[in-house]
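# output the structure for:
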Amino acid sequence: MFSWFKTGSLGLQHVLAMYAGAVIVPIIVGTALELTPTQLSYLISIDLLTCGIATLLQVWGNRFFGIGLPVMLGCAFQAVAPMIAIGNKYGMTAIYGSIIASGIIILLLGGLFGKLARFFPPVVTGSVVTIIGLTLIPVAIQDMGGGPGSEDFGSLQNLALSFGVLAFIIIMNRFFTGFLRAVSILIGLIAGTIAAAFMGKVSFQGVFDASWFHMVQPLYFGAPTFHLPAILTMTLVAIVSVMESTGVFMALSKICDRELTERDLARGYRAEGLASIIGGFFNSFPYTTYSQNVGLVQLTKVKKRSVIAVAGIMLILLGSVPKIAALTMLVPTAVLGGATIAMFGMVVASGIKMLGTVDLNQHENLLIVACSVGMGLGVTVAPTLFDQLPESIQILVDNGIVAGSFTAILLNVVFTLGKKRKHDVQVQPAVAKETPELGV
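Residues are numbered from 1 along each chain as shown. Have a look, this model is predicted:
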């Protein structure tokens with residue numbers, strides 16, 4: 001009995017460590033796309049459920065898919081900005097069409113990604129992650145004021161809530177370590193929501209109205225639609241996620257004293273692709289490995305896959321109870337903004353950290369970073385710049401993330417093609433002190 005209690009407690013700890021990152025993505029995306037409370041409640045519930053399914057697929061580990069390591073999966077944070085952009089331009093169904101298509105590409109080409117990794121060195125992936133983070137910062141700033149278009153935008157109450165939450169998270173990270181630091185975002189959101197309730201900014205009606213149980217509804221938002229620019233965008237995001245997951249897999253393999261082969265990595269990539277296909281079919285999100293949970297494995301020294309399997313089952317059960325999702329929806333926009341300014345900033349910091357493994361004494365690397373980040377931000381600031389170009393070319397330049405990513409990939413090929421170039425110095429992340437512990 002004690003053994004089961006211990007396994008369950010360790011599994012719950014893994015759920016809590018990744019819970020904030022798991023639920024904040026549907027909240028951000030759903031709010032940005034102006035979903036109804038009912039739709040947002042479904043999005044949060046199905047996301048938690050699919051996180052559990054994705055985790056079990058990866059932990060299972062068989063001859064076709066699954067890395068077979070104690071790794072947790074959650075919605076890919078890099079996909080937030082692209083999903084919002086796709087949803088605003090083509091609609092919700094296009095988001096899921098692009099997720100399904102990118103998942104199929106990763107699933108089919110999983111065995112090739114180890115060989116294609118040279119086209120996505122840290123100078124490329126670091127630039128892409130930095131661009132994604134920088135494009136998200138304005139969203140957080142708007143939320144800190146209460147959300148764009150809100151009547152009380154920038155009010156003292158909203159600013160007090162947002163900066164109060166940010167200060168709380170900073171204090172948690174200053175004076176605590178390990179598990180408490182890992183869940184600082186979640187605790188900050190809870191504390192901010194309680195404070196907002198005393199200000200009269202929280203309504204519990206949605207919790208009372210939500211049901212206790214619901215069945216999964218595939219294609220909840222409609223049949224997926226497929227648009228080439230959207231698919232290209234999400235595929236680039238998926239490739240970046242795969243490259244980041246490789247680092248997580250390597251770190252876990254060292255903790256678990258297990259040598260990984262190309263076939264192991266291919267099975268891990270296929271599991272992520274399959275998880276994204278399921279996510280698109282259930283109308284949730286693309287999925288990737290969560291590095292903060294690797295920190296927990298190293299911290300607790302518990303390497304059993306059974307603990308992660310229990311965590312996955314817990315997520316499935318949580319996703320089947322809409323009242324839990326409704327509780328998550330209580331978070332006011334200003335409170336969310338205070339948390340996301342830290343989280344989005346951490347995305348930028350993660351990109352910079354990846355670039356820190358790059359030899360920036362090489363002029364080519366500096367130029368790749370400069371041009372890709374400059375192009376990505378430029379197109380984000382002036383999205384109509386290339387409206388006069390043919391539509392076939394606009395596919396590559398009408399989105400800041402795509403434009404910046406394509407620039408980084410192209411320049412990397414230009415500078416490496418037919419030329420021996422020093423490899424970038426790659427440093428394994430110190431997962432016990434991983435900066436994404438804030439929930440990213």
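# which residue is nearest the middle of the protein?
Phe77 (1.7 Å; Cα atoms, centre = their mean).
# residues contacting that residue?
Gly21, Val25, Met343, Val347, Val440 (Cβ atoms under 8 Å, 6 or more residues apart in numbering). The way it works is simple: take the backbone N, C-alpha and C, and place the C-beta from them, glycine included.
# what does Thr288 give?
Per Cβ under 8 Å, 6+ apart, neighbours of Thr288: Leu73, Gly74, Cys75, Ala76, Gln78, Ser241, Val242, Glu244, Ser245, Glu272.
# per-residue pLDDT of the third one, please?
The predicted local distance difference test score for Cys75 is 85.
# do I have it right that it meets Tyr287?
Yes - using Cβ atoms under 8 Å, Cys75 makes contact with Tyr287 at a distance of 6.1 Å.
# the two: who's more crowded?
Comparing Cys75 with Tyr287 by other Cβ atoms under 10 Å, the one with more neighbours is Tyr287, at 33 against 30.
# show me the contacts for the more buried one.
Thr50, Cys51, Ala54, Leu73, Gly74, Cys75, Ala76, Glu272, Ala275, Ser276, Gly279.
# let's go with 7 Å and repeat that
Cys51, Ala54, Leu73, Gly74, Cys75, Ala76, Glu272, Ala275, Ser276, Gly279 (Cβ atoms under 7 Å, 6 or more residues apart in numbering).
# which one of the contacts of Phe77 is nearest to Val414?
Val347 (27.0 Å; Cβ to Cβ).
# tell me the confidence at the residue nearest to the closest one when sequence neighbours are not counted?
Of all residues not flanking Val347 in the chain, Gly133 sits nearest, at 3.3 Å (Cβ to Cβ, 6 or more residues apart in numbering). pLDDT for Gly133: 75.
# contacting residues around stretch 261-269?
Residues outside stretch 261-269 that contact it (Cβ under 7 Å, 6+ apart): 58, 64-67, 106, 110-111, 113-114, 242, 245-246, 249.
# where is pLDDT lowest across these?
For the contacts of stretch 261-269, the pLDDT minimum is Gly114, 60.
# break down the stretch 301-440 of the chain into its helices, ranges please.
For the stretch 301-440 of the chain, the helices defined by DSSP state H, counting those that start in this stretch occupy 305-319, 322-328, 333-355, 363-381, 391-394, 400-416.
# for the record, mean pLDDT for the longest one?
Read that as helix 333-355. Mean predicted lDDT for helix 333-355 stands at 80.
# how about the fourth one?
For helix 363-381, the mean per-residue pLDDT is 88.
# list the buried residues for that helix?
Glu364, Asn365, Ile368, Val369, Cys371, Ser372, Val373, Met375, Gly376, Leu377, Val379, Thr380 (16 or more other Cβ atoms under 10 Å).
# format those as CSV; extra columns: distance to Ala266.
Below are these laid out as CSV (distance: Cβ to Cβ, whole Å):
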residue, distance to Ala266
Glu364, 30
Asn365, 29
Ile368, 28
Val369, 30
Cys371, 32
Ser372, 28
Val373, 31
Met375, 32
Gly376, 30
Leu377, 35
Val379, 34
Thr380, 34
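# show me which of those residues is closest to Asn283.
Thr380 (26.7 Å).
# isn't the closest one right up against Gly400?
Yes - at 3.4 Å, Thr380 counts as touching Gly400 under the criterion of Cβ atoms under 7 Å.
# what touches both of these two?
Common neighbours of Thr380 and Gly400, using Cβ under 7 Å, 6+ apart, are Thr135.
# strands of this structure, start to end?
73-75, 287-289 (DSSP state E).
# which of the ones you listed sits closest to Thr407?
Taking the strands of the chain one by one with Cβ to Cβ, strand 287-289 is closest: 23.2 Å.
# any idea how far the closest one is from the chain center?
7 Å (Cα atoms, centre = their mean, to the nearest Å).
# now do the same contact list for Phe281.
Neighbours of Phe281 in contact, by Cβ under 7 Å, 6+ apart: Ile100, Pro218, Leu219.
# and those residues, which are buried?
Ile100.
# for the stretch 51-200 of the chain, which spans come out with low pLDDT?
114-120, 178-179, 182-183 (pLDDT under 70).
# please repeat the previous calculation with a cut-off of 90.
Residues of the stretch 51-200 of the chain that meet the criterion pLDDT under 90 lie in 58-86, 88-91, 108-158, 161, 168-170, 172-200.
# ranges for the helices of it?
Using DSSP H, counting those that start in this stretch, helices in the stretch 51-200 of the chain cover 80-90, 92-116, 122-144, 156-175, 178-182, 184-198.
# need those in JSON lines (columns: distance to Ile316).
JSON lines is the format used below for these (distance: least, Cβ to Cβ, whole Å):
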{"stretch": "helix 80-90", "distance to Ile316": "23"}
{"stretch": "helix 92-116", "distance to Ile316": "19"}
{"stretch": "helix 122-144", "distance to Ile316": "29"}
{"stretch": "helix 156-175", "distance to Ile316": "29"}
{"stretch": "helix 178-182", "distance to Ile316": "22"}
{"stretch": "helix 184-198", "distance to Ile316": "19"}
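# and the spatially closest residue to Leu49 that is not a sequence neighbour, what does it touch?
For Leu49, the nearest residue in space outside its immediate sequence neighbours is Gly319; the separation is 2.7 Å by Cβ to Cβ, 6+ apart. The neighbourhood of Gly319, defined by Cβ under 7 Å, 6+ apart, consists of Ser45, Ile46, Leu48, Leu49, Gly52.
# from Arg267, how far out is Gly319?
25 Å (Cβ to Cβ, to the nearest Å).
# what's the answer for Phe168, then?
41 Å.
# with Phe415 instead?
Counting by Cβ to Cβ, the gap from Phe415 to Arg267 is 32 Å.
# neighbour count: these two, which is higher?
Applying other Cβ under 10 Å to Phe415 and Arg267 shows that Arg267 carries more neighbours, namely 23 against 16.
# tell me the pLDDT at the more buried one?
Reported pLDDT for Arg267: 88.
# isn't Trp60 up against Ile67?
No - judged on Cβ under 7 Å, Trp60 makes no contact with Ile67 at a distance of 9.4 Å.
# so which of these two has more stuff around it?
Applying other Cβ under 10 Å to Trp60 and Ile67 shows that Ile67 carries more neighbours, namely 28 against 17.
# fine by me, we can end here.
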